[in-house]
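Novice: sequence first, predicted model second:
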Amino acid sequence: MSTSRHDPSLFRHRDLIPIKRALISVSDKTGLVELAAALSASGVEIVSTGSTAKTIAAAGFAVTEVSSITGFPESLDGRVKTLHPSVHAGILADLRLESHIAQLQQLEIQAFQLVVVNLYPFSETVASGAEGDDVIEQIDIGGPALVRASAKNHANVAIAVSPGIYPEILTAIATGGTTLEMRRHLAATAFAHTAAYDTAVATWFAEQLGASALAAESVFDPTAPLGEKGFPQVLDRSVSLSHTLRYGENSHQSAALYLEPNGRGIAEATQLNGKEMSYNNFVDADAAVRAAYDFRAPAVAIIKHANPCGIAIASSTALDPIASAHLRAHECDPVSAFGGVIAANRTVTLGMAEAVKDIFTEVLVAPDFEPDALKLLQTKKNLRILRLPADYARPSIELKQISGGLLAQEADSFVDYSTAGWELVSGEPADEATLRDLEFAWKACRSVKSNAILLASNGASVGVGMGQVNRVDSCHLAVSRAGARAAGSVAASDAFFPFADGLQVLLDARVKAVVQPGGSVRDNEVFEAARAAGVTMYITGERHFYH
Ligand SMILES: NC(=O)c1ncn([C@@H]2O[C@H](COP(=O)(O)O)[C@@H](O)[C@H]2O)c1NC=O
């Protein structure tokens, strides 16, 4: 017969709970011996699984094997260890209730006051490149059951899910036990932990099946089994707190970084030098990497306020390729590049490092750094240096929070781009070099916030007009930034010209070729203006807004 939980007279108040019996089952043995030592010194009985028990015993502390409590051997290669009523009743009994106390006595089961579990390293196993059954075997079953049971029964049990929590537990032991407030916090941490763990598992499964929003191929597959056009019915992405940031976009806003399970992006980059990354640093570094990684050739993007003030690919100069890309990106707008965020899509060489060293730069991010380049750059104390994960990848689905919901869209991927589908609507077909420049400008323009106009010459931007609320102003901005370099350059526009007026600004500046999506009701007016100026114009049929 179950006891009514609505009758307060049946509950005994339990705030400070001394620890008398602890269950420990941990994959990560960090801090285990110290914890066992403190528990033993306080007379706590320790019950443990396989290799956890061995580690504790080897350190000279008394430990009870869980199998001696369950009367059942750990079996099936560890798939069944703690999954037993003798363990779970000892965790789940609500000792505020006389009826539960009586049942435990009748069943001869002792209660636990502390459970310490950390789970099989599932994400680490996936990250190591393991596949199939090797990954499946790292899905912890008994561990999450222990964690969830303890967290549910936080009125009676404290749950620690990582070595980072042990100091708090040691303090509790020294001060007579765990408080209800502490156990409540530990329970919240524990449920967040198992939710993140399950999401990592679900994400891996979805990737294997190729049927989730995280798998690009199926996003617009009408036959995909989940949701509409491959988008899942429920977007369940649990992210875990990495750390709080100094502040947000402005100093009065608090902020934090959260990490996705199995993430391989800028959030997981390794910081090799410099001050702590700020919120804006992360935003700009992400935009910089997005821009640089649009190119197969060695490329550098310099970003300020999420917009490029220079993008370039390598050219054949005396410099090494990535140093040449950086020099040419910097030359686009040296004034704006001051205090910028730089991304390179190749290992940073000493040549590039020598140039960056003399320019005030907030962040430099790259796949790697030559040792002497890194050494030189590390002499700049304030320069934040980030190394991207070796398997850097952007999510194939982008999410944007709006009030009351999230927008999800397929990422605007651009790497394997071909000009084969472009249509010539004005002037002579571009020669090979001009066509390559138009292709470069079209790709680079995608990294510029709309309305975007980008002028380029020899694989380097020379004038960028960004973020204006009309295209004419973006044209003026690009032309004025380019100055004398506008003449003979090529231009790209991220969306169609609604009127000929914006284009006219470019024509007056004597650009030699233009690429744009087309699609305006006044396309003919626009094409006619290009023809009248004898300027080559291609339309792509596809726009690249970036907001
Ligand atoms: N199957 C079970 O009953 C079970 N109970 C606990 N575990 C896990 O086993 C690990 C510890 O095992 P060992 O002490 O043998 O290293 C922990 O990560 C714990 O989460 C289990 N393993 C996986 O499901």
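Specialist: Received the coordinates, thanks.

Novice: which residues in the stretch 351-500 of the chain form helices?
Specialist: 371-377, 432-445, 471-482, 500-508 (DSSP state H, counting those that start in this stretch).

Novice: mind checking the end-to-end distance for stretch 456-465?
Specialist: 12 Å (Cα to Cα, to the nearest Å).

Novice: how far does that stretch sit from its chain's centre?
Specialist: 30 Å (Cα atoms, centre = their mean, to the nearest Å).

Novice: list the buried ones in it?
Specialist: 456-457, 459-465 (16 or more other Cβ atoms under 10 Å). Using the backbone N, CA and C atoms, a C-beta is placed for each residue, glycine as well.

Novice: now do F72 against M352, distance only.
Specialist: Distance of F72 to M352, given as Cβ to Cβ, to the nearest Å: 62 Å.

Novice: how about the residues of the protein by the ligand?
Specialist: Within the chain, the positions adjacent to the ligand are 25-27, 49-52, 78-83, 117-120, 140-143 by Cβ under 6 Å from any ligand atom.

Novice: returning to that earlier point: reformat the buried residues of stretch 456-465 as TSV; add pLDDT and distance to H185.
Specialist: TSV is the format used below for those (pLDDT from 0 to 100; distance: Cβ to Cβ, whole Å):
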residue	pLDDT	distance to H185
A456	98	55
S457	97	59
G459	97	55
A460	97	54
S461	98	51
V462	98	56
G463	97	55
V464	97	49
G465	96	51
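
Novice: looking at these, which two lie furthest apart in space?
Specialist: G459 and G465 (19.2 Å; Cβ to Cβ).

Novice: just to revisit the earlier point, now, which of the residues of the chain next to the ligand lie within helices?
Specialist: Using DSSP state H, the members of these that fall within helices are 50-52, 142-143.

Novice: out of those residues, which is most surrounded?
Specialist: Highest neighbour count within these: T52, with 26 neighbours (other Cβ atoms under 10 Å).

Novice: what is the burial count for D523?
Specialist: 18.

Novice: just the pLDDT at it, thanks.
Specialist: On pLDDT, D523 comes in at 96.

Novice: just give the nearest non-adjacent residue to it, would you?
Specialist: Nearest residue to D523, sequence neighbours excluded (Cβ to Cβ, 6 or more residues apart in numbering): F496, at 7.0 Å.

Novice: what residues are up against the one you found?
Specialist: Neighbouring residues of F496 by Cβ atoms under 8 Å, 6 or more residues apart in numbering: 516-520, 523, 526, 543.

Novice: and the residues you listed, which two are furthest apart?
Specialist: Farthest apart among the contacts of F496 by Cβ to Cβ are V526 and R543. That separation is 14.1 Å.

Novice: the two: which has the busier surroundings?
Specialist: V526 (27 against 16).

Novice: name the helices or strands packed onto the one helix or strand the more buried one maps to?
Specialist: Using DSSP states H and E, the element containing V526 is helix 523-532. In this structure, helix 523-532 packs against strand 423-426, helix 500-508, strand 536-539, with contacts taken as 3 or more Cβ pairs under 8 Å, 6 or more residues apart in numbering; DSSP states H and E.

Novice: partners of the last one in the sheet?
Specialist: Strand pairing for strand 536-539, determined by DSSP bridges: strand 423-426 (antiparallel), strand 513-516 (parallel).

Novice: show me the contacts for K381.
Specialist: Contacts of K381 (Cβ under 8 Å, 6+ apart): 273-274.

Novice: how close does it get to the ligand?
Specialist: Distance of K381 to the ligand, given as Cβ to the nearest ligand atom, to the nearest Å: 41 Å.

Novice: and if you look at V511?
Specialist: 63 Å.

Novice: the closest residue to that residue other than its chain neighbours and the ligand: what is the separation?
Specialist: Counting by Cβ to Cβ, 6+ apart, A491 is the residue found nearest to V511 once chain neighbours are left out, at 4.6 Å. Using Cβ to the nearest ligand atom, one gets 59 Å for the distance from A491 to the ligand.

Novice: how many neighbours does V363 have?
Specialist: 26.

Novice: nope, P389 is what I meant
Specialist: Using other Cβ under 10 Å: P389 sits among 16 other residues.

Novice: ok, V135 next?
Specialist: Neighbours around V135, by other Cβ under 10 Å: 18.

Novice: what comes up buried for the helix or strand where it lies?
Specialist: Using DSSP H and E, V135 maps to helix 132-136. By 16+ other Cβ under 10 Å, the buried positions in helix 132-136 come out as V135.

Novice: for it, packing partners?
Specialist: Looks like helix 132-136 contacts helix 122-127 (3+ Cβ pairs under 8 Å, 6+ apart).

Novice: near A411, how many other residues are there?
Specialist: A411 has 13 neighbouring residues, counting by other Cβ under 10 Å.

Novice: give me phi/psi at it?
Specialist: phi -70, psi 150 (degrees, to the nearest 10).

Novice: in contact with R543: list those residues for me.
Specialist: Here R543 is in contact with 494-496, 517, 519 (Cβ under 8 Å, 6+ apart).

Novice: where does it fall, helix, sheet strand or coil?
Specialist: Three-state call for R543 (DSSP: H, G, I helix; E, B strand; the rest coil): coil.

Novice: quick one, what contacts the spatially closest residue to D473 that is not a sequence neighbour?
Specialist: Spatial nearest neighbour of D473, excluding adjacent residues (Cβ to Cβ, 6+ apart): G465 at 7.2 Å. Residues in contact with G465 (Cβ under 8 Å, 6+ apart) are 448, 451-454, 473-479, 481.

Novice: selecting buried members of those in ChimeraX, what would you type?
Specialist: Those of the contacts of G465 that count as buried under 16+ other Cβ under 10 Å are selected in ChimeraX with:
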select :448,451,452,453,454,473,474,475,476,477,478,479,481
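
Novice: from the contacts of G465, which is closest to A500?
Specialist: C475 (11.1 Å).

Novice: got a pLDDT number for that closest one?
Specialist: 97.

Novice: please apply the same query to R5.
Specialist: 56.

Novice: ditto for A192
Specialist: So A192 comes in at 89 (pLDDT).

Novice: residues near it, how many?
Specialist: 15.

Novice: show me the shaky parts of the protein.
Specialist: 1-13, 210-230, 233-234, 236-237 (pLDDT under 70).

Novice: pull the longest helix from it.
Specialist: helix 180-209.

Novice: would you mark the buried spots in that one?
Specialist: 180, 182-183, 186-187, 189-191, 193-194, 196-204, 206.

Novice: show me how far that helix is from its chain's centre.
Specialist: Centroid displacement of helix 180-209 relative to its chain, using Cα atoms, centre = their mean, is 17 Å.
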